[in-house]
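1. let me see the structure of the following:
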Amino acid sequence: MSAPTATHTGFRLVGIDHVPLTPLFELTDEQLRTRHAVRRIANASTGYPCRVSLEDAREGEELLLLPHAHHPVDSPYRASGQIYVRRGVQQRTLAPGEVPAYVTRRLISVRAYDAGHMMVAASVCDGPEVGDEIVARFADPDAAYVHLHNAKQGCFSCLVVRA
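-> Purely as a prediction, here's the structure:
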């Protein structure tokens, strides 16, 4: 995890809200399938990035793999995709400038959007460079928020807001 520094305090990573997802863990596997979701048990301590806790699941933890509208906006950039969510976790908001191993161990797509939800910049970088890349995106006054995506699988990772 990179520690906050003088150049990395202007942003904050935010996990997705756990409240609407928590009841899904009580559904049967058949009920999950009707929602295009599946239950998984992590068979390793990496490879199952939870979008609520902003941590990888540990081996043996229960998760759901489900579709999620991560950018439900009125713009051409409206988007949804697959996410993992761990049982029993709550929405996590990191300290200003904190970039966890959940991000730094992956190749990341950094996408900046303006207040009208139009993309104003995008780049791909190695995880350890993400903090610097977010700072560069927020140097543009038109950048209202940033999305991180796992570049290889293309799935949403988390929202980044100005701190």
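2. can we go C-alpha only for contacts and neighbour counts from here?
-> OK.
3. next SSE downstream of the biggest helix by length in the chain?
-> With secondary structure taken from DSSP state H, the chain has its longest helix at helix 130-138. Beyond helix 130-138 on the C-terminal side, the first helix or strand identified by DSSP states H and E is strand 145-150.
4. could you point out which element follows that following strand?
-> Heading C-terminal from strand 145-150 (DSSP H and E), you reach strand 156-162.
5. residues touching that following strand, excluding its own?
-> Residues from elsewhere that reach strand 156-162 (Cα atoms under 8 Å, 6 or more residues apart in numbering): 10-16, 49, 51, 54, 70, 81-83, 103, 138, 144-150.
6. which of these are buried, as a ChimeraX select command?
-> In ChimeraX, this line selects whichever of these come out buried by 16 or more other Cα atoms under 10 Å:
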select :10,11,12,13,14,15,16,49,51,54,70,82,83,103,138,144,145,146,147,148,149,150
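7. any idea how far the most far-flung residue of the chain relative to its centre lies from residue 67?
-> Residue farthest from the centre of the chain, counting by Cα atoms, centre = their mean, is residue 30 at 26.8 Å. The gap separating residue 30 from residue 67 is 16 Å, by Cα to Cα, to the nearest Å.
8. strand partners of the biggest strand by length in the chain, parallel vs antiparallel please.
-> For the chain, the longest strand by residue count, based on DSSP state E, is strand 62-71. Sheet partners assigned to strand 62-71 using DSSP bridges are listed as strand 38-41 (antiparallel), strand 79-86 (antiparallel).
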